[in-house]
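>>> What would the 3D arrangement of this be:
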Amino acid sequence: MNPPRIDCVLICGGVWHDMDFARLELLKLLAEDERVRTRVFEDYEKLEAIAGADILITYTCDVTPSLAAQEVLRDFLRRGGRWYALHGTNSVLRLLDNGEWDAPRWAPLFMDLLGSQFISHPPIAPYTVTVADPSHPLVAGVEPFETTDELYHLECHGDLHVLLETECTEPGTGFVEAGDAPGTQPVFYIKQHGKGAVLYLTLGHCRGHYDLQPMADWWPTVDRCAWDLPVFHELLRRGIGWLKDRAPA
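Numbers count the residues shown, from 1 in each chain. Here you go, the predicted model:
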């Protein structure tokens, strides 16, 4: 008997990141399994595609689903769907007149599904990621590692099974809710939704020369952050494997 096809929806879009790079890298990883057939969108509004998907991957920044799309995502998880959410998927951003970024609570259902909302981050700098649950297959054998990436300060929602974490010692900069350094922050976690679940990985910032337009015509560096680390690609592969474990036969 032939192995069953796995229908994947990849949502990759938004601002301030090199979406072309992230999209291509994720598609290359998905293409390692010929069973996976992937449709690609920039937002969450292809409701029939999401409703009919076996697995879902998102790499977005400041892309907020409509309420109808949030309800489809909720139903996708309720029926046993698995969703691998990456980096800025949990961001809702608003630039204020004073130049600071706000994180408005405009999509509470979306953030409850994801298990967190992005609040702020300190300047990009090296930090150490440690393993919170070394017995879990998604991180078994992974050693603590250093990465240079955005360290997300999160507002967490619900019961999270934290797999990787980090200690934050610096407050956010340029954000309304920068506050004090918030201590331990999740980096990689699972939020269960009945038969379905969300796997969230906050790592993976990337930016090219042209990705800050219209705020700036040219960004002086090409930033790949955790994408340069073999361990990051291992976490992506393991997460994709986790998705396929629950894909309907």
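>>> So which other helices or strands are in contact with the strand ranked longest in the chain?
If you go by DSSP state E, the chain has its longest strand at strand 183-193. If contacts are counted by 3 or more C-beta pairs under 8 Å, 6 or more residues apart in numbering; DSSP states H and E, strand 183-193 sits against helix 67-78, helix 108-114, strand 153-156, strand 161-168, strand 196-201. Quick note: C-beta positions are derived from backbone N, CA and C, even for glycine.
>>> tell me the most buried of those?
Stretch with highest mean neighbour count among the helices and strands packed on strand 183-193: strand 196-201 (a mean of 23; mean count of other C-beta atoms under 10 Å).
>>> For the residue most central in space within the chain, give the beta-bridge partners.
The residue lying closest to the centre of the chain (C-alpha atoms, centre = their mean) is L86, at 1.5 Å. Beta-bridge pairing for L86 (DSSP bridges): Y59, L201.
>>> Make 9 the first number, not 1, from now on.
Taking 9 as the first residue, the last one we looked at is L94.
>>> Which residues are in contact with it?
Residues in contact with L94, defined by C-beta atoms under 8 Å, 6 or more residues apart in numbering, are 30, 65-67, 208-209, 211-212.
>>> pLDDT for the residues you listed - can I get that in a markdown table?
Converted to a markdown table, the contacts of L94 look like this (pLDDT from 0 to 100):
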| residue | pLDDT |
| --- | --- |
| A30 | 98 |
| I65 | 98 |
| T66 | 99 |
| Y67 | 99 |
| Y208 | 99 |
| L209 | 99 |
| L211 | 99 |
| G212 | 98 |
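>>> Give me the three-state assignment for V239.
Assigned state for V239: helix (three-state reduction, DSSP: H, G, I helix; E, B strand; the rest coil).
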